[in-house]
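J.: Based on what follows, work out the 3D shape:
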Amino acid sequence: MKVARRSAVPPFAVMEILAAAKARRAAGKDVIILCAGEPSEGAPAAVRERAAALLTDGDLGYTEATGTPDLKAELARHYRDTYAAEIPADAIAITTGSSGAFLLAFLAAFEHGDRVALARPGYPAYADILTSLGCEVVDLPCGPDQRYQPTVDQLAQEGPFDGLVLASPANPTGTMVTPDELAAIAAWCADTGTRLVSDEIYHGITYAGAPEAATAAAFRDSGAIVVSSFSKFWGMTGWRLGWLVLPDDLVGPVSALAGNLALCPPTLSQHAALAAFDDDGMAAARAATARYARCRDLLLAARDRLRWDPVAPADGAFYLYGDISFTGLDAQTYCERLLDEAGVALTPGTDFDPAGGRDWVRLSFAVAPDELGRAIDRIVAWQDGLTIGV
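T.: Predicted structure coming up:
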């Protein structure tokens, strides 16, 4: 029996590290988990309470393939209030997490053999999903001189492309494009027939001094797609709920694909998510972002002690991506030893940049400030105990 070649993609290393860290914790060991991009507080209380009520007295049968009209209307209102963008509710598709959104978007927008550009370093699932669908992934090396984001000049030199995946704030670097940069990239994509897919799942989680978070939903009339999620700002990771903002030409194709692939997104999650937009739900999400800001401040204040240099700017999201080459260890060995010897789980940069990530690690600071402080102390003490350069 054969195994399809499309399944020959690398595993997501962070999930393996997370499993190892949780196994150590289950065995009674003290482990601080900073490898996964998962808010430690979880969903707002208002969402949990609504879900509990629905479990005892709610219709939890199938919904429409691309989500309930109520949730689509709430998201359309969110775009109007947050970005002054008028989005028809019918142009929004609720999905099974942002992962489901990417799969539907890529299936609807790209053919086998299409060239799709990605910034490197970047979220590995973009490339793995595209590769499994037979697309040609074009890596765009994006270093500190361009703040880890692609530029129009770079796109013009490396193109033509059939698609571009842009993330702002980005994972793992946390960097953002400015509104003017987004507009220029969207215009270039429209002019060259390149489908722009904008990953905006970390919108709402930005910090003082960062660029304004602009949405590519403003460019949907020129073919842009937006991917977003309830997992980060609202902390609803395991609820598996995301969404797409679609241009008109993809509304029908995505609906047809969604009905065949998943029937509908999780019904309980959709109904409960309406509470995320209530005053209490929004207040909880903003309070979580304020905690991330305190954690970011702790990390930046500890840069001299950590000796990670350089580090990405971390305009948004909740990651610090830093260079650990001074230790003499490659990122995989660094993370394995740090977990085994100091009880702190980080993610090696090779997960995000196979070509240049061996000297980098990603730390997720979506935790309580006191837990992060303990982790910093452990990392510093462990690094100080290394024989540097050996």
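J.: So which residues of the stretch 1-150 of the chain form strands?
T.: 32-33, 92-95, 115-120, 136-141 (DSSP state E, counting those that start in this stretch).
J.: Please work out which of the ones you listed is packed deepest.
T.: strand 92-95 (a mean of 27; mean count of other Cβ atoms under 10 Å). The way it works is simple: take the backbone N, C-alpha and C, and place the C-beta from them, glycine included.
J.: Strands of the stretch 251-390 of the chain, start to end?
T.: Going by DSSP E, counting those that start in this stretch, the stretch 251-390 of the chain shows strands at 319-323, 344-345, 347-348, 360-364.
J.: I'd like the mean pLDDT over the last one, please.
T.: Average pLDDT, strand 360-364: 97.
J.: Check the third one too.
T.: Predicted confidence along strand 347-348 averages 95 (mean pLDDT).
J.: just to revisit the earlier point, tabulate the strands of the stretch 251-390 of the chain (JSON lines), appending mean neighbour count and distance to residue 197.
T.: Formatted as JSON lines, these follow (neighbours: other Cβ atoms under 10 Å; distance: least, Cβ to Cβ, whole Å):
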{"stretch": "strand 319-323", "mean neighbour count": "25", "distance to residue 197": "21"}
{"stretch": "strand 344-345", "mean neighbour count": "24", "distance to residue 197": "30"}
{"stretch": "strand 347-348", "mean neighbour count": "27", "distance to residue 197": "23"}
{"stretch": "strand 360-364", "mean neighbour count": "27", "distance to residue 197": "22"}
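J.: what's the longest helix in the chain?
T.: helix 279-301 (DSSP state H).
J.: for that helix, which positions count as buried?
T.: The neighbour-count check on helix 279-301 (16 or more other Cβ atoms under 10 Å) flags 281-282, 284-285, 288-289, 291-293, 295-296, 298-299 as buried.
J.: likewise stretch 200-208?
T.: Buried residues in stretch 200-208 (16+ other Cβ under 10 Å): 200-207.
J.: dump the residue contacts of residue 229.
T.: With contact taken as Cβ atoms under 8 Å, 6 or more residues apart in numbering, residue 229 is in contact with 97-98, 101, 201, 241-243.
J.: any idea which of the residues you listed is closest to residue 173?
T.: Nearest to residue 173 out of the contacts of residue 229 is residue 201 (Cβ to Cβ; 14.4 Å).
J.: for the closest one, what are its contacts?
T.: Under the criterion of Cβ under 8 Å, 6+ apart, the neighbours of residue 201 are 98, 227-229, 231-232, 242.
J.: Tell me the one of those nearest residue 373?
T.: For the contacts of residue 201, the nearest to residue 373 is residue 232 (22.6 Å; Cβ to Cβ).
J.: And the pLDDT at residue 368?
T.: Model confidence at residue 368 (pLDDT) stands at 95.
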